[in-house]
Structures are given as C-alpha cells and as structure tokens.
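[1] pasting the sequence and the predicted model now:
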Amino acid sequence: MRLAVAREIEVGERRVALIPDTVARLVKKGIEVWVEAGAGESSFFTDTDYETAGAKIVTDTDALWHEADVLLKVGIPKEREDGRLEVDLLREGAVLISFLNPLGEPAIAQRLAQRQVTALSMEMIPRTTRAQSMDALSSQASIAGYKAVLIAAAALPKYFPMLTTAAGTIAPAKVFIMGAGVAGLQAIATARRLGAVVEAFDIRPAVKEEVQSLGAKFVEVQLNEDTVADGGYAKEVSEAAKQRTQEVVAEHIKQSDVVITTAQVPGKKAPILVTEEMVAQMKPGSVVVDIAAEQGGNCACTKPGKDVQYNGVTIIGPINLPSSMPVHASQLYAKNLFSLVQLLIKDSNLDVNFADDIVSAACITHAGEIRNQRVKEALATLSSATAG
Ligand code: NAD
C-alpha cells in the first residue's frame, strides 16, 4: 500500500497532512510513504526530516497523485496553476482523505464520484467517543479558539488580567464568548488563563456545565424550541428565537471589551449573532474576533480576512486560524489521519471496510456514487440554484 502526502497549493495554507513522526509510524507498519518535495516546508518539517523517517521524497507532482493508493491532504483539492484540477490527477479507485467541505461545496463530491475516487471527508468523521482520535474538526477548532483570544488580546488597547500596581489598579478585561463548542471552550480557557473575566453563551443549554467548569459565567436564554440536531450539533433556530437571543445577548456585548464569536451550524451560513446596532453600542477600543468569518461571519460588520473599524470598535475576521500555528496544527491533524488510516489497513493492504461506522460515515464517494444523503441534498440544492 502506497500512501502519498501532497504539498498544499492553497494560498496561505501552511499545514501539512503528515509530520515526520507519523510517517515513521506508518513505515514501521509496512506502508510505503511518498511525500511531495517541500510539503512540510511551511510547517518547518524539511524533506530530510521526512526522508530520515523513511519517506520517499517525490518531485514529480503528477506521479505522486497518480500512483498513490491513498492520497492525504489538508485542504480541499484545487485547480492547479496549469489549469488542471488536483482531483483529476488521481487514478480510478484511489482513496483521498482530506477536509473536503462537501456540504458547503458539494460540487467536489460530484467530481470525485465521476473520477471513481473513494473520498473520505474529515468533516464527516462522527463525533463519537471511538472516533475522537480522528476528530480533525475538534483538533483544528481548538487551535482556532486559542489563537482568536491571542489576536483579541494583542488588538485590545488594555490588559486582560487584573493588576494591582504602584501606579494604580487595573480592572480585568471582560470577554464574551459566543458559541461554546470546541473552539469556544478553548477560547474560554485561554481568556481565563490570561486573567480576563469571561462570560459565554450557546444555544445548546447542555454546554452550561462545561462553561462553568472552565470558570466562566453562562448567559442563559430561555427558548421555546429544540436547538440541538442529530450528533449534538446546533440546529438553525427560528426568527423568534434569534430575536429573543439578540435581546438577551445585546446587553452582554455592550459591556464587553472583547467578543469572540464561534457559532456555526454545519452546512449552513453562520448565524448573525452580533448586529451592526450591537457593535455601535460597544465601547470604543473594544474588539470582536469572528472565527466564523469564513462561513459568512457571526458579526454583521465582519469582512473575511480583514480588520474592520466601526465607531472605534475593531472587528477581526481571521481566515484559517489553524494554519497560523502550522507546527501543532499539522501534528494533531497527522495524528487524526494516522488513526483513520489504521482503520483502512488490513495486513499492510488497503481495505475500505464500510461495515465500520466511522469509515462509512466519513466516506462521501465510492465506486462512482455519492454515498452521503446530506451531500446529495446539498448538491441538488446547488443544481437547482444554478439552473434557476
Ligand atoms: P460547531 O463548530 O458546529 O459550532 C460551534 C458552536 O456554536 C456550537 O456549540 C453550537 O451550539 C454553537 N451555535 C450554533 N448556532 C448558535 C447560535 N445561533 N447562537 C449561539 N451558539 C450557536 O460545533 P463543534 O465545536 O464542532 O461541536 C459540535 C458538537 O459536537 C458539540 O455538541 C460538541 O460537544 C460535539 N462534539 C463531540 C465530540 C465527541 O463526543 N467526540 C467531539 C467534538 C465535538
């Protein structure tokens, strides 16, 4: 079985799918590993490090893609400089494992099916206990939550901690975290470590205890509807619920020095939680960091990839935060892939076993078919929108 690691071509993507340490573990299991020359450069892993770990360094990109049994990547395959699509370089029957965003960009699934590629999407790994070591959404979201707080702390014209000095006492910063999933909980922990007073809100009431156990106050909003979908994710809520939420959170936003927004609903545009009016009510010098910027943003003033000034408030819409910490992001992602690849190996050979619930859930295309119902629906919606 030959496993290949492609060099990421997306601008700004600094992560790599495998680090030398994971390569060594795979080689030890009798797997041949090819790594594209320079694949680890942006995350500070050299070709020599990979070679020492037992990988073959490949300079011919076409050969690497075409001769892989399993191709590992971080970001969605793209169009190359020569106009060809990366997915078209794979041969029929090959396995591709990567973030593929199949609900947001379902056209990729259609292409992969046409190419007879068996594609496993890291977004589709179930959020179960057995799949925890493969949960790349969590490993990367945690980095995003941590980094968002550091960005906010650097942009805030104030201290985070309370300080008693000879020159007077400094009050601690007030930080409000909206969305207490994996990224939000890490943001709470990080803001607390920096000494801020932290409040958090989520439409899933189940997170209250986790928020409190990290030393933050949970802001409660009573809603008369179910807010939790299958798999523990948030549901898209009604207009009435959105309005009720906004009434309650507006006061907390107004009093905060920093607002970090992390709210997402899988496959949907991110919900607007911070309106323009709410930003207008914030104190000058306050900072909003919107982790959901790539999904449209939780703040009405967010511009993805930009810092926006609004009445003295800075709204930061970072893109691909995990990539800004490529060493640990790649290390954790590589471990996620290593755990998943182990499910696909039997006696050193490739064995895609659909009886395994994790493999079955993650696999979006196989033998020319799209296997996932939600991806099929997303594709149908896209087709009707394009036709209309
Ligand atoms: P996510 O990135 O999809 O969303 C981030 C947070 O935003 C979620 O907590 C969500 O409830 C919240 N949110 C959505 N709409 C909102 C709104 N309108 N207002 C306020 N908050 C809103 O979530 P995630 O971090 O990927 O986690 C999703 C679920 O998966 C959670 O239940 C989490 O506990 C669960 N999970 C389970 C495991 C496991 O058991 N192995 C691992 C990771 C995550």
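    That came in fine, so what should we check first? Numbers count the residues shown, from 1 in each chain.

[2] host element of residue 328?
    For residue 328, the enclosing helix or strand under DSSP states H and E is helix 326-343.

[3] and after that helix, which helix or strand comes next?
    Sequence-wise, the next helix or strand beyond helix 326-343 is strand 345-346, with elements assigned using DSSP H and E.

[4] tell me the strands beside that following strand, with direction?
    In its sheet, strand 345-346 lies beside strand 349-350 (antiparallel), with partners assigned from DSSP bridges.

[5] from the chain's centroid, how far away is the partner strand?
    29 Å (CA atoms, centre = their mean, to the nearest Å).

[6] and after that strand, which helix or strand comes next?
    Toward the C-terminal end, the helix or strand that comes next after strand 349-350 (DSSP H and E) is helix 357-362.

[7] what about whichever residue of the chain sits closest to the ligand, how many neighbours?
    Of all residues in the chain, the one sitting closest to the ligand is residue 181 (2.2 Å; CB to the nearest ligand atom). (Each C-beta comes from the backbone N, C-alpha and C, glycine too.) Each residue near residue 181 was counted by other CB atoms under 10 Å, and the total is 22.

[8] how about the residue lying closest to it once chain neighbours are set aside, what does it touch?
    In space, and not counting its chain neighbours, residue 181 is closest to residue 262: 6.4 Å by CB to CB, 6 or more residues apart in numbering. Listed by CB atoms under 8 Å, 6 or more residues apart in numbering, the contact partners of residue 262 are 141, 144-145, 148, 177-181, 183-184, 187, 291-292, 298.

[9] next step: the residues you listed restricted to strands.
    Secondary structure from DSSP state E places 177-178 of the contacts of residue 262 in strands.

[10] between the contacts of residue 262, which has the most around it?
    That'd be residue 187 among the contacts of residue 262, by other CB under 10 Å, with 35 neighbours.

[11] give me the nearest residue to that residue, chain neighbours excluded.
    If you skip the residues right next to it in sequence, residue 187 has residue 145 as its closest partner in space, 3.9 Å away by CB to CB, 6+ apart.

[12] the ligand contacts on this protein?
    Proximity of the chain to the ligand (CB under 6 Å from any ligand atom) is limited to residues 127-129, 132, 135, 137-138, 141, 178-184, 201-204, 232-234, 237, 262-266, 271, 273.

[13] which among these end up buried?
    Buried members of the residues of the chain next to the ligand, scored by 16 or more other CB atoms under 10 Å, are 135, 137-138, 141, 178-184, 201-204, 234, 237, 262-266, 271, 273.

[14] tell me which element residue 30 is part of?
    Using DSSP H and E, residue 30 sits within no helix or strand.

[15] and the pLDDT for the residue sitting furthest away from the middle of the chain?
    Relative to the average C-alpha location in the chain, and by CA atoms, centre = their mean, no residue lies farther out than residue 166, which sits at 43.8 Å. The confidence metric pLDDT takes the value 97 at residue 166.

[16] all numbers from here: first residue = 356
    With 356 as the first residue, the last one maps to residue 521.

[17] residues contacting it?
    Residues in contact with residue 521, defined by CB under 8 Å, 6+ apart, are absent; none qualify.

[18] could you measure from it over to residue 638?
    Residue 521 sits 27 Å away from residue 638 when distances are taken as CB to CB, to the nearest Å.

[19] helices along the stretch 506-655 of the chain, start to end?
    Listed from the start of the chain, the stretch 506-655 of the chain has helices (DSSP state H, counting those that start in this stretch) covering 537-548, 563-568, 594-609, 631-636.

[20] any idea which of the ones you listed is most buried?
    helix 537-548 (a mean of 24; mean count of other CB atoms under 10 Å).
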